[in-house]
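Asks: one predicted model, sequence on top.
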Amino acid sequence: MLEMWLPVKEFLFLSLFFIIAVILKRKIRFLQKFLIPTSIIGGFIGLILGSEILNWITLDSEKLGLIIYHLMAIGFISIALKERKTVPVNHRRDNINTGLAIVTSYLSQGILGFAITLFLAYTILPGLFPPFGLLLPLGFAQGPGQAYSIGLSWEELGFLNGGNIGLSIATIGFLWAIIFGIPLINILIRKKKAWGLEDREKLINLKSDDMEEKHTENIPRRMFMDSLTFQVILIGVVYLITYFTLRGASLALRPLGEYGYTVAQLLWGFHFIVGTLFAIIVRIVLNALKRKDWLRVNYPDNYILQRISAGSFDFMIVSAIAALSLSTFRENWLPIVLVTSIGGIFTIIYTVFLCRRIYTNYLIEHIAGLYGQFTGTITTSMALLREIDPDSESNVPENLVLGGAVALPLGIPLMFILGLAVTGYSAGKPVFYFYAMGLFIIYLAGILIYLLLKNKRVRQQDNKKEL
């Protein structure tokens, strides 16, 4: 009978960690004051109680890795299936700016991390996996799911303990978001008056439909099916299409040899992006059917899809921290500490620099939200944002959600550049590292120049209107 419980044992323990975290957060003022998300507290409880420290609970790291891998895709597919309201024209500029800012964060963090580990690999750490530093944007700007997924796919190409190293970087990213995020907010609030922002923030709020929503049952009774069941079916079908697409892509890439194999592994690592794209297509088809009056009911339920997504990301974060291997961290502490420390300092400076040049409304709120996004996940982003925008008066939550949709297609080419960098290692062709680095720099320069020049012109036009 014991064997029957083994497949769900990890999930049951993760639930226990959550309950303990909820109790501790309600009782300990420090945890409330520093806005530490419950999922992060639960993850550290699992790490402490697990085999890495106290060894009171035995957790299977491979099963936790599978939970992280699949919940990432389920969370993104759920978000993509949601129906969104039409965005007013005066809000679209901030949505696009946010999307472009997210892509530049991937690129700038990637260039920085890659440069650090290339330097280490050719100087004091000759045995280091040179693309190691590319996990910085995956762990910081995208979160533990992506960092683990890509790191795991690189293990197939020779990167020892890549998945767990990705989790280590992502966990340190959460610490940067929390430990340095609160002081950053306080400094920004004091700077607000000096920057002359107090009379400029008059943008009418359009709350994100990813915030609190009123749930209305929209599944017709004649379907004889619960709404939750139908949402799970939709997600399952999209994920099934994703699976067969990735299998087909792997077969199609075989003739490309080493590079094809490397890209195929990356595609499996970026499965959540492929799933998100298919979910967006399903959403577009459903909208088209509804416009033609062939579909009279919105079968995807926004409220339930949002809850599925939030739950998926919460359990993913708990799993990611609980699955950390301290022995792996000790073996790789120097590159991890260097990459995350320099990357964290850079992220603070870069976020403030960029936001001051692309936003004219709610500047402080945008800096807080994007800093949380660039070092953690949407969870840490919202936690920091609530500290200075408790009533959700800004349009920052909306920008983060819709900006992510803008960033998604622009981020797809990065998969192939990453493939070029990793092929340099697996094929023994170091020159590919510099090809990849050059492409990263060109891509970043193009987006950044467009973003800054466009917003400079907009600011000049706004100033003329005010005069």
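Replies: Looks like it came in fine.
Asks: when you work out contacts or count neighbours from here on, use the C-alpha atoms and nothing else.
Replies: Noted.
Asks: next helix or strand past the helix or strand hosting A368?
Replies: Assignment of secondary structure by DSSP states H and E places A368 within helix 363-375. Toward the C-terminus, helix 363-375 is succeeded by helix 378-388 as the next helix or strand (DSSP H and E).
Asks: so which elements touch that next one?
Replies: helix 181-194, helix 363-375 (3 or more C-alpha pairs under 8 Å, 6 or more residues apart in numbering; DSSP states H and E).
Asks: weakest of these by average pLDDT?
Replies: By mean pLDDT, the lowest-scoring of these turns out to be helix 181-194, with a mean of 77.
Asks: mind listing what's buried along the helix or strand following that helix?
Replies: Using DSSP H and E, the helix or strand that directly follows helix 181-194 along the chain is helix 227-253. By neighbour count, with 16 or more other C-alpha atoms under 10 Å as the criterion, the buried positions of helix 227-253 are 227, 230-232, 234-235, 238-239, 242-243, 245-246, 249-250, 253.
Asks: by contact count, what packs against helix 227-253?
Replies: helix 61-81, helix 257-269, helix 271-291, helix 302-322.
Asks: how about a cut-off of 6 Å?
Replies: The criterion is 3 or more C-alpha pairs under 6 Å, 6 or more residues apart in numbering; DSSP states H and E, and there are no helices or strands that helix 227-253 contacts.
Asks: that helix: how far from the chain's middle?
Replies: Here helix 227-253 shows a centroid-to-chain-centroid distance of 20 Å under the convention C-alpha atoms, centre = their mean, to the nearest Å.
Asks: pLDDT at the residue lying closest to R459 once chain neighbours are set aside, what is it?
Replies: Residue nearest to R459 in three dimensions, not counting chain neighbours: T360, with 7.9 Å by C-alpha to C-alpha, 6 or more residues apart in numbering. The predicted structure scores T360 at 81 on the pLDDT scale.
Asks: number of nearby residues for T360?
Replies: Close neighbours of T360, defined as other C-alpha atoms under 10 Å, add up to 17.
Asks: how about it, secondary structure?
Replies: Reduced to three states with DSSP: H, G, I helix; E, B strand; the rest coil, the structure at T360 is coil.
Asks: tell me what angle the helix or strand of the chain with the lowest mean pLDDT forms with helix 302-322.
Replies: Counting by mean pLDDT, DSSP states H and E, the chain has its least confident helix or strand at helix 378-388, which shows a mean of 74. Angular relation of helix 378-388 and helix 302-322 on a 0 to 180 degree scale: 100 degrees, by axes from the mean of the first three to the mean of the last three C-alpha atoms, to 10 degrees.
Asks: buried set for the next helix or strand after helix 378-388?
Replies: Scanning the chain past helix 378-388 towards its C-terminal end, the next helix or strand to appear is helix 396-426 (assignment: DSSP H and E). Of the residues in helix 396-426, those with enough neighbours to count as buried (16+ other C-alpha under 10 Å) are 396-408, 411, 414, 416-426.
Asks: and the angle from helix 396-426 to helix 378-388?
Replies: Taking the same axes, to 10 degrees, helix 396-426 and helix 378-388 form an angle of 140 degrees between their directions.
Asks: and helix 396-426, what does it pack onto?
Replies: Under the contact rule (3+ C-alpha pairs under 6 Å, 6+ apart), helix 396-426 is packed against helix 89-121, helix 257-269, helix 431-466.
Asks: how about 10 Å then?
Replies: Judged by 3 or more C-alpha pairs under 10 Å, 6 or more residues apart in numbering; DSSP states H and E, the packing partners of helix 396-426 are helix 61-81, helix 89-121, helix 144-155, helix 257-269, helix 271-291, helix 363-375, helix 378-388, helix 431-466.
Asks: now render those as JSON lines, adding mean neighbour count.
Replies: Formatted as JSON lines, the helices and strands packed on helix 396-426 follow (neighbours: other C-alpha atoms under 10 Å):
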{"stretch": "helix 61-81", "mean neighbour count": "22"}
{"stretch": "helix 89-121", "mean neighbour count": "21"}
{"stretch": "helix 144-155", "mean neighbour count": "27"}
{"stretch": "helix 257-269", "mean neighbour count": "21"}
{"stretch": "helix 271-291", "mean neighbour count": "19"}
{"stretch": "helix 363-375", "mean neighbour count": "28"}
{"stretch": "helix 378-388", "mean neighbour count": "22"}
{"stretch": "helix 431-466", "mean neighbour count": "14"}
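Asks: what residue ranges in the protein score low on pLDDT?
Replies: For the chain, residues meeting the criterion pLDDT under 70 lie at 1-2, 34-35, 84-92, 192-225, 296-297, 379, 390-392, 462-467.
Asks: isn't F329 up against I165?
Replies: Yes - when contacts are counted by C-alpha atoms under 10 Å, F329 is listed as touching I165 (6.9 Å).
Asks: these two - which one has more neighbours?
Replies: For F329 and I165, the more surrounded residue by other C-alpha under 10 Å is I165, and the numbers stand at 27 against 19.
Asks: any figure for the gap between that one and I317?
Replies: Summarising the geometry, the distance separating I165 from I317, computed by C-alpha to C-alpha, to the nearest Å, is 15 Å.
Asks: and what of P335?
Replies: Counting by C-alpha to C-alpha, the gap from P335 to I317 is 23 Å.
Asks: and what of L228?
Replies: Counting by C-alpha to C-alpha, the gap between L228 and I317 amounts to 23 Å.
Asks: got it, and G343?
Replies: Separation of G343 from I317 (C-alpha to C-alpha) stands at 21 Å.
Asks: ditto for L240
Replies: Distance, L240 to I317, by C-alpha to C-alpha: 24 Å.
Asks: please apply the same query to N399.
Replies: Summarising the geometry, the distance separating N399 from I317, computed by C-alpha to C-alpha, is 23 Å.
Asks: again, but for L66
Replies: Remark: distance between L66 and I317 (C-alpha to C-alpha) = 13 Å.
Asks: show me the common contact partners of the two, please.
Replies: Common contact partners of L66 and I317 (C-alpha atoms under 10 Å, 6 or more residues apart in numbering): G145.
Asks: re the thing from before, give me the common contacts of F329 and I165.
Replies: I336.
Asks: secondary structure class for the residue most central in space within the chain?
Replies: Here the mean C-alpha position of the chain is nearest to the C-alpha of Q142 (C-alpha atoms, centre = their mean), at a distance of 2.8 Å. Here Q142 is recorded as coil under three-state DSSP.
Asks: which non-adjacent residue is nearest it?
Replies: Q142 sits nearest to T377 (C-alpha to C-alpha, 6+ apart), 6.6 Å away.
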